[in-house]
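Asks: Compute the structure for the input listed below.
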Amino acid sequence: MCYSIGYYREDGDFAILATLNNNDALLGEKLFEKMKNSILYNLQGYYEEELEAIERQDCADYVTIEEE
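Replies: Now for the predicted structure:
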């Protein structure tokens, strides 16, 4: 399960503030939902726009970090 947290801009685009990924189910479903709700609640304190958490995947599951 994945979530994007953000708000809808005036032009209709969704401005992403955070993405959450639990596709490998490393966190239990209840804990993941609690984490999502906590982040949403805390971010909302800093924004006038109404924030939403929508279930969608906006980032890769894995990335390769190259050493310098």
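
Asks: and K36, helix, strand or coil?
Replies: Recorded secondary structure, K36: helix (DSSP: H, G, I helix; E, B strand; the rest coil).

Asks: burial count for it?
Replies: For K36, the count of nearby residues is 19 (other CB atoms under 10 Å). Backbone N, C-alpha and C define where each C-beta goes, glycine included.

Asks: if I pick it, what's in contact with it?
Replies: Each residue near K36 by CB atoms under 8 Å, 6 or more residues apart in numbering is listed here: Y3, I5, L20, A53.

Asks: ok, the first one - contacts?
Replies: This points to Y3. Counting by CB under 8 Å, 6+ apart, Y3 touches T19, L20, K36, A53, I54, E55, R56.

Asks: Adjacent strands (with direction) for the helix or strand in which it is found?
Replies: With secondary structure defined by DSSP states H and E, Y3 is part of strand 2-8. Note on strand 2-8: by DSSP bridges, its sheet partners are strand 14-21 (antiparallel), strand 52-55 (antiparallel).

Asks: Any buried residues in that strand, and which?
Replies: Residues C2, Y3, S4, I5, G6, Y7 are the ones in strand 2-8 that count as buried (16 or more other CB atoms under 10 Å).

Asks: pLDDT on that strand, on average?
Replies: For strand 2-8, mean pLDDT is 96.

Asks: where's Y62 relative to G28, distance?
Replies: Using CB to CB, to the nearest Å, we find Y62 at a distance of 21 Å from G28.

Asks: Quick check on these two: which one has the bigger neighbour count.
Replies: G28 (10 against 7).

Asks: Would you list the phi and psi of the more buried one?
Replies: phi -60, psi 160 (degrees, to the nearest 10).

Asks: picking that back up, closest one to L43 among the strands paired with strand 2-8?
Replies: L43 lies closest, by CB to CB, to one member of those: strand 14-21, at 5.9 Å.
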